[in-house]
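**Q** Please find the sequence and the predicted model below.
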Amino acid sequence: MDDAWLLELLPDGVVVADATGSVTHVNAAAVTLLGLERAQCVGSHLAAVVALQDLDGNDWYSCVSPYDGIGIRSRMLETSWRAQSGREVLVTARLHRESPGGDVAAVSLGLRDARSRERVDREHSDLVATVAHELRSPLTGVKGFTATLLSKWDKFTDSQRQLMLRTVDADADRLTRLIGELLDVARIDTGRLSVRKEPVDLVDAITQQLEPLSAPGERAITFEPEGKPSVWVDRDKLAQIVANLVENAIKHGDGPVTVSLTATSDGGAELIVDDAGVGIAEQIRPRIFTKFWKHGSSGGSGLGLYIVGGLVAAHEGALHVESSPAGGARMRVWLPAGEPAAVR
């Protein structure tokens, strides 16, 4: 298989020129992006083939001068240019030298349609809009109540002031949690989520986490452990996993919530959270662990299950959604023994 055939397999456009600037290779993707015929490219000078301009009318070759400049230059970062058709093309380049500081022996260019970047930019804009919406809601409550208290303090009774301050406190807690979730998402996305494992008695740890979630008069939460499984996990991350799964079952499910815990034959443990709601349709189950995914009218940030998935993955575990025996949703988490090799 020759080099020309390999270039045709690449999804991006590729243009290669020799030491004199004469184009030696060009693939079909590049021909399409540049709006040229292949016969016009091979053998022509690089400046004529890559006839791209910026919005001010400056041409690519004159601006970057690939064969001039300092001898240590070897790479050009991706920049945006316009073809004669008006299409936006993203260009990156590599300068090949036979020796450090030597003359440029070849120039290879990568060309991409800017529409792919527009899609990423649009996703980022949607992310910013979603975050702004989630932050604005509690901030509006905080601003409204504090402004009212400052301007009309003497007109309220002590009990009315306490009610307003409790509302402000609850909104502040909501903001704190949302910011914490966003930070966790950033750590998961960048691979910087740190896990500090220690041997944890799962029955005790889960019991402690469920106590504050079992408020009087609210939906019943039943914990059904089998035995006393213990694994190596990050205690705080485990608390997040349990809290997010149970709160998700309370918010989006119905009926009592059942939390089950069993030891597995491989030394790990399996945690199951069941509710008795309408469940989650099979066709949307693959999407529930994505960022800002929401379904129905129960609200929420749409980050809880995404974070659970990231935390479980950080422990090298597995997370699945199924139907519960009562017809609702079942979240099944498997956590490995996680014992470090040094202590075995």
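**A** Yep, that arrived.

**Q** now the strands for the stretch 51-200 of the chain?
**A** In the stretch 51-200 of the chain, the segments counted as strands under DSSP state E, counting those that start in this stretch are 75-82, 88-97, 104-113, 198-201.

**Q** To residue 214, which of those lies closest?
**A** Among the strands of the stretch 51-200 of the chain, strand 198-201 comes nearest to residue 214, with 19.5 Å by C-beta to C-beta. Quick note: C-beta positions are derived from backbone N, CA and C, even for glycine.

**Q** Give the other helices and strands that the helix or strand that residue 48 is a member of contacts.
**A** Assigned by DSSP states H and E, residue 48 belongs to helix 46-49. Using 3 or more C-beta pairs under 8 Å, 6 or more residues apart in numbering; DSSP states H and E as the contact test, the elements touching helix 46-49 are strand 13-18, strand 23-26, helix 60-64.

**Q** need the ones you listed in a markdown table with mean pLDDT and distance to residue 70, can you?
**A** Formatted as a markdown table, the helices and strands packed on helix 46-49 follow (pLDDT from 0 to 100; distance: least, C-beta to C-beta, whole Å):
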| stretch | mean pLDDT | distance to residue 70 |
| --- | --- | --- |
| strand 13-18 | 95 | 19 |
| strand 23-26 | 93 | 24 |
| helix 60-64 | 93 | 13 |
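
**Q** how about the helix holding residue 48 as PDB, C-alpha atoms only?
**A** This file holds the C-alpha atoms of helix 46-49, laid out as PDB (Å, rounded to 0.1, in the frame of the first residue of the first chain):
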ATOM      1  CA  LEU A  46       2.300  25.500  -2.100                       C
ATOM      2  CA  ALA A  47       1.300  29.200  -2.200                       C
ATOM      3  CA  ALA A  48      -0.900  28.600  -5.300                       C
ATOM      4  CA  VAL A  49      -2.500  25.500  -3.900                       C
END
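
**Q** Which positions within that helix qualify as buried?
**A** 46, 49 (16 or more other C-beta atoms under 10 Å).

**Q** cool, stretch 79-93 as well?
**A** In stretch 79-93, counting by 16+ other C-beta under 10 Å, buried: 81, 82, 83, 87, 88, 89, 90, 91, 93.

**Q** For the fourth one, give me its contacts.
**A** Residue 87 sits next to 33, 35, 113, 114 when contact means C-beta atoms under 8 Å, 6 or more residues apart in numbering.

**Q** if we can go back for a sec, including distance to residue 64, could the strands of the stretch 51-200 of the chain go into CSV?
**A** Formatted as CSV, those follow (distance: least, C-beta to C-beta, whole Å):
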stretch, distance to residue 64
strand 75-82, 6
strand 88-97, 7
strand 104-113, 10
strand 198-201, 54
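
**Q** can you list those strands in JSON lines and add distance to residue 11 and mean pLDDT?
**A** Shown next, in JSON lines, are the strands of the stretch 51-200 of the chain (distance: least, C-beta to C-beta, whole Å; pLDDT from 0 to 100):
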{"stretch": "strand 75-82", "distance to residue 11": "15", "mean pLDDT": "90"}
{"stretch": "strand 88-97", "distance to residue 11": "13", "mean pLDDT": "93"}
{"stretch": "strand 104-113", "distance to residue 11": "9", "mean pLDDT": "94"}
{"stretch": "strand 198-201", "distance to residue 11": "46", "mean pLDDT": "94"}
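
**Q** what stretches of the stretch 51-200 of the chain score poorly on pLDDT?
**A** 116, 118-121, 123-124, 126-127 (pLDDT under 70).

**Q** all helices for it, in order.
**A** 60-64, 115-152, 158-190 (DSSP state H, counting those that start in this stretch).

**Q** what helices or strands is the longest one leaning on?
**A** So that's helix 115-152. Helix 115-152 packs on helix 158-190, going by 3+ C-beta pairs under 8 Å, 6+ apart.

**Q** The helix it packs on - contacts with which helices or strands?
**A** Helix 158-190 packs on helix 115-152, helix 304-314, going by 3+ C-beta pairs under 8 Å, 6+ apart.

**Q** quick one on the thing from earlier: residue 232 is nearest to which of the strands of the stretch 51-200 of the chain?
**A** Of the strands of the stretch 51-200 of the chain, nearest to residue 232 by C-beta to C-beta is strand 198-201, at 5.6 Å.

**Q** now the spatially most central residue of the chain: how far from residue 306?
**A** For the chain, the residue nearest the mean C-alpha position is residue 189 (4.5 Å; C-alpha atoms, centre = their mean). Using C-beta to C-beta, to the nearest Å, we find residue 189 at a distance of 10 Å from residue 306.
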